[in-house]
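J.: Sequence first, then the predicted structure, then my questions.
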Amino acid sequence: MIHHLSIAAYHPRHVACVLAELFQGEAVPFPDPHYLDSYVALTFDIHGTVVDVHPFATELIPSSEGNAFQSRQNLAASRYTATHAAISVPVSEEQIQAIAVREGWQLRYRKGFFDVIELWIENRVLVELLPPALASEYLGFMEPQALRHFFAAKAAST
């Protein structure tokens, strides 16, 4: 289970506030003073799920000085990233669409092994949103026996 995700955004406070709105949670400044202009979108769910939002071009790198990692800015960073997450949200598809329109962010309804709503934060960071109706379908697909069967069938067909 993923409890914590960090992303980078051009407008970290604003992005954290929008994510908190989708989660029906709260956005707060990052509690570590080493991360200036970073924010946390809190869900207050039973899993302790949070999304950290750091300024664009922030990189976390391993530290040799006893700290788990250090932070630096990479001004040559691409504006895109492979990092993305599927997140269950308590809001409706209509609420997600209204937020996307308000923010001017791309939104797509994607059908596949399970359906998701793709919200492109700042039109560059993908978040797959699962409102309650889609979350139950996703959880059914990811049920351990169903998932084993799916991958076994895929392996057999290759």
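T.: Arrived safely.

J.: Just the residues contacting stretch 124-141, thanks.
T.: 7-9, 19, 22, 79-81, 83-93, 95-96, 110, 113-121, 146-147, 150 (CB atoms under 8 Å, 6 or more residues apart in numbering). To be clear about C-beta, it is placed using only N, CA and C from the backbone, and glycine gets the same treatment.

J.: On the C-terminal side of the helix or strand harbouring residue 71, identify the next helix or strand.
T.: Taking DSSP states H and E as the criterion, residue 71 maps to strand 69-73. Sequence-wise, the next helix or strand downstream of strand 69-73 (DSSP H and E) is strand 85-88.

J.: That following strand pairs with which strands, and in what direction?
T.: The strands that strand 85-88 pairs with in its sheet are strand 125-130 (parallel) (by DSSP bridges).

J.: hang on, the earlier thing: rounded mean pLDDT for the strand holding residue 71, please.
T.: Mean pLDDT, strand 69-73: 80.

J.: do stretch 46-60 as well
T.: Rounded mean pLDDT across stretch 46-60 is 92.

J.: now stretch 136-148
T.: 92.

J.: what's the span of that stretch, first residue to last?
T.: End-to-end distance of stretch 136-148 (CA to CA, to the nearest Å): 18 Å.

J.: Tell me the buried residues in that stretch?
T.: If you call a residue buried by 16 or more other CB atoms under 10 Å, then stretch 136-148 has these buried ones: residue 138.

J.: Which residue ranges of this structure form helices?
T.: Using DSSP state H, the helices of the chain run over residues 12-23, 93-103, 132-141, 144-156.

J.: nearest to residue 36, of the ones you listed?
T.: helix 12-23 (9.9 Å; CB to CB).

J.: how far off helix 93-103 does the closest one point, in degrees?
T.: Inter-element angle recorded for helix 12-23 and helix 93-103: 160 degrees (by axes from the mean of the first three to the mean of the last three CA atoms, to 10 degrees).
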